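Asker: Sharing a sequence plus its predicted fold:
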Amino acid sequence: MTEATTFKAESPAREAWRMFRRNIPAVAGVIMLTGIVLATLWGTFFYDGNPYEIVWAPHEPPGVTPEFPLGTDYLGRDIFAGLIAGGGPTLAVGAAAAAITMVIGVSLGALAGFYGGWVDNLLMRITEFFQVLPTLLFAMVLVTLFSPTLFTIAMAIGVVSWPQTARLTRAEVMKIKELEYVTAARAIGARNRRIIWTVILPNAAPPLIVSATLTIGVAILFEAGLSFLGLGDPNTMSWGLMIGSNRAYILDAWWPVTFPGLAIFLTVFSVSLIGDGLNDAFNPKLRER
Amino acid sequence: MSALLQIEDLRVTFNTRYGPVTALDSVSLSVNAGETLGVVGESGCGKSITALSVMGLIPSPPGKIAGGAIRLAGEDLTQASEARMRALRGAEMAMIFQEPMTSLNPVFTVGDQIAEAIMLHQKVSADQAFRDAVALLDRVGIPSPDRRARDYPHQLSGGMRQRVMIAMAVSCRPKVLIADEPTTALDVTVQAQIFDLLNEIQRDFGAAIILITHDMGAISEMADRVAVMYAGRVIEQGRADDVLDLPQHPYTRGLISCIPALGKGEDTLREIPGVVPPLHMLGAGCAFADRCAYRAPRCDSEKPQLQAHGHHPVACHAVEEGRI
Amino acid sequence: MTPSYLLRRLFYGLLLMLGVVVLNFLLIRLAPGDPAVVIAGEMGGADEALLAAIRADYGLDKPVLTQLGIYIGNVLQGDLGQSFFFNQPVATLIGDRIGPTILLVLCAQVLSILLGVFLGVIAARKPNGVLSGFVSVFATIGYAVPVFWTGIMLIILFASVFPIFPVEGMQSVRLRDAGFMIRALDVAHHLVLPAFTLALIYLAQYARLSRASMLEVLGSDYIRTARAKGASERSVLFKHALRNASLPILTVAGLQFGNLISGALLVETVFNWPGMGRLAFDSILRRDYPTIMGVLFFASAMVVVANLLTDLSYRLADPRLRGKS
């Protein structure tokens, strides 16, 4: 051992970013998702095609008329316009629902994991209770009871999806709580709330970030399922709704359901590629196995 | 007549992220029926790799046997088919592992696990195999073996589990028994019991034992002959008494002086300074040079070969040149 | 497995069901508007006599706690209320439809676990092999595909391109009077596409999970011991490793059951499968709350039972948990 090896110190976040950048599927996911988001932003603010307007003969196949590259649906509405207009609500509800899921899940999970004892017991019983309710059915009930708007839909998805996040957070917090730097923070007299926010949660961030990413994907699928069933906001176009309303005519025309489905798939697929990439980047050891 | 198990010039390489490294380099060992060969060295010196090579259990990839031969009663195991190796494993040669806590499958009863070993190599009914397993548990000194055979590993203590491992290993009366640090995880009184048991087993079954350990005390108690390994090479080899009484290689001397001598008034445990170098960082010279008090320029440029000197073979330039 | 443990688990399950009943009760009252109107749904909106009957039946003029007591009492007697849309008791409605749902869900569960675990085990033999890569990609795709869309795509495929499987319903009309075996085969024939659609998502997840779990187990000491005994590769994989690797798979299978029921809801709608999912869909469109609440109750009960079974099988599979509580 004649030559000394030097290691350049690197912050964990930087190292994760370096790993992430080299992960081809993850980068592809980022590019794909950026493209989808930009397209929907453009659609929401600049595109003037009306997805509701009957513009052509019904069931025009894709690639025949240049103005309607993806064809028309059973009423003769432009499918491309529908895709562009439907992306915004789908993505917005997905992101909002994921945010609500994370807020509820992380708060309850952190409380349960940090305080333990009866708090933990109570919160975990509640979590178990919520896990017994079939998510989609419960969300359907909530949406129907409180009339479907983008807000209630996001709320409903959040209210039924948080238990997994809560369990994950609780497990992470319980693990980190025992580590020395938490004891150190206690020793200098930090208060509980401060310890949770400034010491424990930042250290629990990597798995929570991964989970948040994957939650976005699940929430988008969820929103699509609800709108497919006709339980979406009746005043907005969405990908799930396009599939649902054209479902009766699938044997006459495949394209009105295929393209919105592909849009949902590609969005969730790119989100999960990013999630997997983040997971690998935060746990480099897992990959070497 | 050649020995029962003869390892000749064995070379094992591993593909790592630092490129291919040589884990074993021209290792030659032999052991006769009824004899115990001790293999000593610190962790990472290639003892376990040697044992796994004999068993044909080198994880491959990344590992592979790159040269040499392992002859069991004349048959070269490095050339044997996987099916042939399966037939030999457990029947002709068996292994006891270091970690009795994790070496038994947690979801099967210990009796079933021993019976499985029997049924893999002998044409007996499941009932007969289980009765044999109970008898073996009795033989290795487990009280109320009938009941214990129906226990799961987690219900037994570490010493008990190691006895189960021994029972499993000797269930088909193997010719060669490899014990890889069989007592490391156990407390001292249990260690002595396990060694006694191995000695008895050897008397009864006439097996050749290869005892792998880093514990010179165990060697002096068990071994007829001993091979000292360092960084994938055998650096000193001979009759156990000779090597223990008149160690030649500076490393062997270091190992022996690490044994706490009772009653000599030493209150500090001595140890050899430094660590075994990682295999990917081995240079052209002697692997021990960094830690050696007798280091000379030649030690950094040329690997010493194992050659007869004094009572027994040793691989050291300093010994060869008479500097020690 | 001690009887007292079993009793405790059963009691806990019942407690969870009681929770679902209370939740149902609360949901009706939290909904904006007169509970009687909510219960009557779209059909009863105008009819004062019906509303009066509902108020009397549910005790809506009494204090809230009394109302809750009446509601729980009704449920305990098997009375989940009356569907004013279908004009039938909710319990009867669900009783007619729970069988097909259980059939669909169980088939999908068994199919996805068997196929998924098999794929995962085979993939684990070569962690960097082609099949391993396929399992990872397939799992990510399976996670990202909306299940109802998969169903629709399969319908398009099998209705127009390869018409070998029926794409709708559970029975052929022309075979309704045939013998039992013929009808059973007919149902199985109808079951292929919906069960496969539902299984596809979870199949991918089980494959990924069992691959990871197997890789971890295959690195453990007792696998080396099994090899050192001379056990064959198949015995090492399927006997020694899989038994241990199945523990996390079991856990996930239990947790997934609720999601599986949610998926079944969509799949039943797509394939016109005459189960609880169709019923939920129809009753939600009609705002038939007693039926919706009944479906929620029974679907939750299925999850509770599934969790109980998972817990018990976990104890059977892992001797370390037996005798502990």
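Answerer: It's in. Numbering: from 1, shown residues only, chains lettered A, B, ... in the order given.

Asker: use CA for all of it now, contacts and neighbours both
Answerer: Will do.

Asker: pLDDT weak spots in chain C?
Answerer: Across chain C, the ranges flagged by pLDDT under 70 are C:1-2, C:41-46, C:323-325.

Asker: Close to chain C: what parts of the stretch 1-150 of chain A are there?
Answerer: A:129, A:131-138, A:140-141, A:144-146 (Cα under 8 Å from any Cα of the partner chain).

Asker: Neighbour count says what about those? Which are buried?
Answerer: A:129, A:131-138, A:140-141, A:144-145 (16 or more other Cα atoms under 10 Å in any protein chain shown).

Asker: Off-centre distance for stretch A:93-107?
Answerer: Taking Cα atoms, centre = their mean, to the nearest Å, the mean C-alpha location of stretch A:93-107 is offset from the chain mean by 9 Å.

Asker: whoops, I mixed them up, stretch C:217-237
Answerer: With Cα atoms, centre = their mean, you get 36 Å for stretch C:217-237.

Asker: okay, that stretch in CSV with CA atoms only?
Answerer: The C-alpha trace of stretch C:217-237 is given here as CSV (Å, rounded to 0.1, in the frame of the first residue of the first chain):
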residue,chain,number,x,y,z
VAL,C,217,-32.1,-15.0,0.4
LEU,C,218,-29.8,-16.6,-2.1
GLY,C,219,-26.9,-14.7,-0.6
SER,C,220,-27.5,-16.1,2.9
ASP,C,221,-25.5,-18.7,4.7
TYR,C,222,-28.1,-21.4,4.8
ILE,C,223,-28.3,-21.5,1.0
ARG,C,224,-24.6,-22.2,1.1
THR,C,225,-25.2,-25.0,3.6
ALA,C,226,-27.9,-26.5,1.3
ARG,C,227,-25.4,-26.4,-1.6
ALA,C,228,-22.7,-27.9,0.6
LYS,C,229,-25.1,-30.8,1.3
GLY,C,230,-25.2,-31.6,-2.4
ALA,C,231,-28.8,-30.3,-3.0
SER,C,232,-29.7,-29.7,-6.6
GLU,C,233,-30.1,-26.2,-8.0
ARG,C,234,-33.8,-26.7,-8.3
SER,C,235,-34.1,-27.8,-4.7
VAL,C,236,-32.0,-24.8,-3.6
LEU,C,237,-34.2,-22.4,-5.5
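
Asker: Give me the contact status of that stretch with chain A.
Answerer: No - judged by Cα under 8 Å from any Cα, stretch C:217-237 stays clear of chain A, getting no closer than 10.0 Å.

Asker: surely residue B:4 meets residue B:72?
Answerer: Yes - between residue B:4 and residue B:72 there is a contact under Cα atoms under 8 Å: 5.8 Å.

Asker: Could I get the full set of helices for the stretch 151-300 of chain C?
Answerer: C:180-218, C:221-229, C:233-234, C:242-271, C:276-285, C:289-317 (DSSP state H, counting those that start in this stretch).

Asker: Quick check: which of these is nearest to chain B?
Answerer: Nearest to chain B among those is helix C:221-229; the distance by Cα to the nearest Cα comes to 4.1 Å.

Asker: just to revisit the earlier point, in helices only, show me the residues of the stretch 1-150 of chain A next to chain C.
Answerer: Here DSSP state H is the test, and the residues of the stretch 1-150 of chain A next to chain C give A:129, A:131-132, A:135-138, A:140-141, A:144-145 as lying in helices.

Asker: now, which of those residues sits nearest residue B:82?
Answerer: residue A:131 (48.8 Å; Cα to Cα).

Asker: Residue A:163 is in contact with the closest one, correct?
Answerer: Yes - assessed by Cα under 8 Å, residue A:131 is found in contact with residue A:163 at 6.5 Å.

Asker: can you list the residues of chain B near chain A?
Answerer: Residues of chain B lying close to chain A (Cα under 8 Å from any Cα) are B:277, B:281-282, B:290.

Asker: possible to save those as a markdown table with neighbour count and pLDDT?
Answerer: Conversion of the residues of chain B next to chain A to a markdown table gives the following (neighbours: other Cα atoms under 10 Å in any protein chain shown; pLDDT from 0 to 100):
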| residue | neighbour count | pLDDT |
| --- | --- | --- |
| B:277 | 18 | 73 |
| B:281 | 13 | 72 |
| B:282 | 16 | 74 |
| B:290 | 18 | 77 |
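
Asker: With secondary structure as added columns, please give the residues you listed in CSV.
Answerer: Below are the residues of chain B next to chain A laid out as CSV (DSSP: H, G, I helix; E, B strand; the rest coil):
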residue, secondary structure
B:277, coil
B:281, helix
B:282, coil
B:290, helix
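
Asker: Next, give me the two most distant ones among the residues you listed.
Answerer: Among these, the pair separated by the greatest distance (Cα to Cα) is B:281 and B:290, at 11.9 Å.

Asker: Next, count neighbours for the closest residue to residue C:167 other than its chain neighbours.
Answerer: What sits nearest to residue C:167 in space, not counting adjacent residues and going by Cα to Cα, 6 or more residues apart in numbering or on different chains, is residue C:155, at 5.7 Å. Residues within reach of residue C:155, counting by other Cα atoms under 10 Å in any protein chain shown, total 24.

Asker: Smallest gap between the stretch 1-150 of chain B and chain A, at which residue?
Answerer: Residue of the stretch 1-150 of chain B nearest chain A, by Cα to the nearest Cα: residue B:17 (9.6 Å).

Asker: can you give me phi and psi for that residue?
Answerer: phi -70, psi -10 (degrees, to the nearest 10).

Asker: So for it, what's the pLDDT?
Answerer: The per-residue pLDDT reported for residue B:17 equals 74.

Asker: which stretches of the chain have low pLDDT?
Answerer: Using chain A here. A:1-10, A:284-289.

Asker: Oops, wrong one, chain B.
Answerer: Applying pLDDT under 70 to chain B flags the ranges B:1-2, B:259-271.
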